[in-house]
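A.B. asks: Give me a 3D structure for the following:
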Amino acid sequence: MATLTIWIGLILLVPIARAQLAPNIYGPPAQSPLPPIQVNVHLVNVFVTVTDANGAPVPGLGQTDFAITEDGHPQKIAFFERDTGMPLSIVMAIDTSGSVHKDLAIEKNAAHNFIHALLRPVDQMDLMDFNSDVREVVSFTNNMHRIDSGLENLSTGPATALYDAIYLASQSLASRRGRKVLVLISDGGNTVKGTDYPQALEQALRGEVMVYSIIDLPIMADAGRDTAGEHAMITLSEQTGGKYYYAEGGNLEAIFHKVSEDLRTQYLIGYYPTRRIADSQFRAINVTLTKPSPAREPYVIRNRTGYYANTGQ
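C.D. replies: As a prediction, the model looks like this:
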């Protein structure tokens with residue numbers, strides 16, 4: 001009886017085994033789709049300003065005149081534009097604390113002339129003032145009447161939230177498209193405990209913001225005054241590809257003219273990074289010229305010193 005049971009079991013198993021080994025004449029069995037492979041390669045845009053020894057813009061350079069590296073690794077230029085006409089988003093942040101109050105009327109007049117000379121229909125400006133707090137006086141607009149009205153309605157206060165102003169202005173610019181510029185007017189004193197300088201600088205770099213610092217009433221070290229804020233404004237401009245100026249002797253009009261000229265004569269270089277690095281890691285950018293300057297003095301190149309990998313550049 002036991003033998004009969006075994007044979008019956010074997011007979012029943014054979015068809016099952018054959019069914020498992022037989023080819024599927026209808027094609028391979030359906031499989032669940034694999035998740036798509038995502039490769040995030042972002043174009044990195046770098047705005048570059050080239051000037052001669054006297055600070056005058058150098059026009060007429062071409063793509064082959066530039067070389068760019070990221071963390072020391074050469075990059076292939078994928079996009080190049082001279083005298084870029086990309087739209088401008090500008091935040092003008094004006095220090096209205098007691099230490100600079102006496103120059104406020106001059107600053108407002110110079111700012112008025114600068115805005116009317118620079119802004120095109122594709123450009124927009126945001127106006128902020130800062131003292132004890134930071135206030136957005138006029139949100140991004142191209143309406144000259146609104147901007148002029150905002151300049152006439154700046155508020156004053158006793159303290160200076162300089163780093164808060166840099167951080168908030170950079171934050172508001174981060175989501176804008178095109179060129180992003182912060183024009184910062186202050187004596188450099190930060191007297192409010194809030195955002196610190198490293199946080200303000202990081203936000204500016206993450207937002208791709210070019211900072212043009214206009215330092216009012218230069219803080220002289222031999223006068224016993226704190227120069228930390230002044231140095232912070234200088235470093236901020238150097239790190240972001242902007243520039244700093246000292247406002248003295250009523251030269252604000254000339255300074256604003258230089259800023260306007262600077263923004264009209266920028267080169268745009270775009271590249272796709274050759275290396276993939278973890279998000280939030282800072283990547284250093286270095287732009288050089290491939291040919292020596294025809295003048296005795298070498299040309300000066302300004303651009304942001306780097307970016308953070310998770311900015312979607």
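
A.B. asks: And the strands in the stretch 51-200 of the chain?
C.D. replies: Along the stretch 51-200 of the chain, the segments classed as strands by DSSP state E, counting those that start in this stretch run 66-70, 73-75, 77-81, 88-95, 124-130, 134-141, 179-186.

A.B. asks: now those strands as a markdown table including mean pLDDT?
C.D. replies: Listed next are the strands of the stretch 51-200 of the chain as a markdown table, based on pLDDT from 0 to 100:
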| stretch | mean pLDDT |
| --- | --- |
| strand 66-70 | 98 |
| strand 73-75 | 97 |
| strand 77-81 | 97 |
| strand 88-95 | 97 |
| strand 124-130 | 97 |
| strand 134-141 | 98 |
| strand 179-186 | 97 |
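
A.B. asks: got CSV for those, with mean neighbour count and distance to Asn45 too?
C.D. replies: Using the backbone N, CA and C atoms, a C-beta is placed for each residue, glycine as well. Putting those into CSV (neighbours: other Cβ atoms under 10 Å; distance: least, Cβ to Cβ, whole Å) gives the following:
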stretch, mean neighbour count, distance to Asn45
strand 66-70, 18, 11
strand 73-75, 14, 12
strand 77-81, 14, 8
strand 88-95, 24, 14
strand 124-130, 24, 19
strand 134-141, 17, 20
strand 179-186, 26, 9
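
A.B. asks: Serialize those to CSV and add fields for distance to Leu236.
C.D. replies: What follows is the strands of the stretch 51-200 of the chain, written out as CSV (distance: least, Cβ to Cβ, whole Å):
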stretch, distance to Leu236
strand 66-70, 22
strand 73-75, 25
strand 77-81, 26
strand 88-95, 12
strand 124-130, 15
strand 134-141, 16
strand 179-186, 8
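
A.B. asks: Which among those strands is found nearest to Pro294?
C.D. replies: For the strands of the stretch 51-200 of the chain, the distance to Pro294 is smallest for strand 66-70, at 16.0 Å, taking Cβ to Cβ.

A.B. asks: Show me what that closest one is packed against.
C.D. replies: On a contact count with 3 or more Cβ pairs under 8 Å, 6 or more residues apart in numbering; DSSP states H and E, strand 66-70 meets strand 44-51, strand 73-75, strand 77-81, strand 267-271, strand 282-289.

A.B. asks: So what are the sheet partners of that strand and their directions?
C.D. replies: In the sheet, strand 66-70 lines up against strand 73-75 (antiparallel), strand 282-289 (antiparallel) (DSSP bridges).

A.B. asks: closest one to Val134 among those strands?
C.D. replies: strand 282-289 (25.9 Å).

A.B. asks: what residue lies at the spatial centre of the protein?
C.D. replies: Residue closest to the average C-alpha location in the chain (Cα atoms, centre = their mean): Glu208, at 0.6 Å.

A.B. asks: got the strands paired with strand 66-70 as a markdown table, with distance to Ile94 columns?
C.D. replies: A markdown table is the format used below for the strands paired with strand 66-70 (distance: least, Cβ to Cβ, whole Å):
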| stretch | distance to Ile94 |
| --- | --- |
| strand 73-75 | 38 |
| strand 282-289 | 30 |
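
A.B. asks: ok, the closest residue in space to Asp123 that isn't next to it in sequence to His101 distance?
C.D. replies: Excluding its sequence neighbours, the residue lying closest to Asp123 (Cβ to Cβ, 6 or more residues apart in numbering) is Leu88, at 4.2 Å. Relative to His101, Leu88 is positioned 29 Å away (Cβ to Cβ, to the nearest Å).
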